[in-house]
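Student: coords please:
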Amino acid sequence: MIMLAAGVLLLAGCALVGTEAADETNDDLLVIAHRGASAVEPEHTFLAYDQALDDGADYIEIDLRKTADGELIAMHDDTVDRTTDGEGLVENMTLKELKELDAGEGQSVPSLKEILERYGDSVNYYIETRESDDGELIMEEDLLQLLEQHRIPQNQVILQSFSQASINALHDLDPAITLVQLLKKDKVERLDTDKLQDLQQKAVGVGIYAGILDESLVDLIQVNGLEVHAYYRGDEREWTENMLRYGVDGIFSDDPAYLTNITEKPE
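Tutor: Here you go, the predicted model:
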């Protein structure tokens with residue numbers, strides 16, 4: 001197991017959600033490009049990430065999967081069927097095999113290493129970990145090692161997961177890393193002050209589907225010292241005005257240009 005002492009991710013400072021870049025957009029609302037600008041470019045490709053940054057996103061969001069030969073790649077699904085011209089489980093394919101696939105508009109599936117090499121410390125990263133199909137933790141150490149190797153400042157990284165085990169492992173490896181706990185509906189329905197206080201011991205915020213958020217829930221979470229980051233299921237334009245009215249702290253946007261336009265204050 002790697003040992004990550006305090007400050008091992010260079011130029012760390014305080015691991016607080018929010019950056020100078022975020023402050024430029026409608027107060028402190030974080031505009032998180034969900035799989036890049038995935039509404040207008042093929043998701044998790046450099047076209048999508050570049051477009052998101054051009055459109056004013058504060059963070060690019062990256063879902064991680066692990067290949068058969070142990071490489072971390074940007075891929076949401078457990079198969080390549082939906083997002084490429086290939087078929088099969090990601091975990092059964094090597095990086096070389098994945099690179100031969102078309103992820104849309106001639107783009108290849110990027111590895112996390114390639115993403116970090118391309119953007120370095122010029123962008124903010126919002127990265128999601130997940131367990132293997134067998135429910136095992138397989139990527140936490142590799143992820144932190146890659147961030148360290150590429151000298152990514154710690155205050156430019158947020159890590160998130162639906163897996164409590166993954167959040168726990170990341171916190172144990174580096175207690176200073178900024179973590180967000182994603183929550184499904186069943187766990188959201190059981191939230192109370194005690195559970196939120198427990199979450200606050202490791203996470204700075206929670207990620208919740210916009211369709212089950214209301215103003216009282218947002219207030220409850222924020223009063224207990226956690227941020228609320230809302231995500232969508234292809235229904236961004238249906239819920240965004242509500243999210244802004246409720247005062248959520250961050251929004252996962254498939255179309256950062258749309259979000260930055262409606263939150264932009266007049267001169």
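
Student: which is the next helix or strand following the helix or strand where Glu117 lies?
Tutor: Glu117 is part of helix 112-119 when elements are defined by DSSP states H and E. For helix 112-119, the succeeding helix or strand toward the C-terminus, using DSSP H and E, is strand 125-128.

Student: can you tell me how far Leu196 sits from Ala57?
Tutor: 28 Å (CB to CB, to the nearest Å). Heads up, the C-betas are built off the backbone N, CA and C, glycines and all.

Student: ranges for the strands of this structure?
Tutor: Taking DSSP state E, the strands of the chain run over residues 30-33, 59-66, 72-74, 125-128, 157-161, 178-182, 205-209, 227-231, 250-253.

Student: Output these in TSV, with distance to Glu215 appended to each entry.
Tutor: Output for those, formatted as TSV (distance: least, CB to CB, whole Å):
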stretch	distance to Glu215
strand 30-33	19
strand 59-66	24
strand 72-74	34
strand 125-128	24
strand 157-161	23
strand 178-182	20
strand 205-209	13
strand 227-231	11
strand 250-253	15
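
Student: Next, format these as TSV and append distance to Leu259, mean pLDDT and mean neighbour count.
Tutor: Below are these laid out as TSV (distance: least, CB to CB, whole Å; pLDDT from 0 to 100; neighbours: other CB atoms under 10 Å):
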stretch	distance to Leu259	mean pLDDT	mean neighbour count
strand 30-33	5	98	27
strand 59-66	12	98	24
strand 72-74	21	98	25
strand 125-128	14	99	22
strand 157-161	17	98	25
strand 178-182	18	98	23
strand 205-209	16	98	23
strand 227-231	11	98	24
strand 250-253	4	98	26
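
Student: So which residues of the stretch 151-267 of the chain form helices?
Tutor: 164-173, 185-189, 193-200, 215-223, 236-246, 256-263 (DSSP state H, counting those that start in this stretch).

Student: what do you get for the stretch 1-150 of the chain?
Tutor: Shown for the stretch 1-150 of the chain, the helices assigned by DSSP H, counting those that start in this stretch span residues 20-23, 46-54, 95-99, 112-119, 140-149.

Student: nearest to Ala169, of those helices?
Tutor: The closest of the helices of the stretch 1-150 of the chain to Ala169 is helix 140-149. By CB to CB, the value is 4.6 Å.

Student: So which elements touch the closest one?
Tutor: Counting contacts by 3 or more CB pairs under 8 Å, 6 or more residues apart in numbering; DSSP states H and E, helix 140-149 is packed against strand 72-74, helix 112-119, helix 164-173.

Student: circling back to that earlier point, check the helices of the stretch 1-150 of the chain for me: which has the lowest mean pLDDT.
Tutor: Per-stretch mean pLDDT for the helices of the stretch 1-150 of the chain is lowest at helix 20-23 (a mean of 36).

Student: In terms of packing, which of Leu196 and Ala57 has more residues around it?
Tutor: Ala57 (30 against 18; other CB atoms under 10 Å).

Student: Alright, calling it a day.
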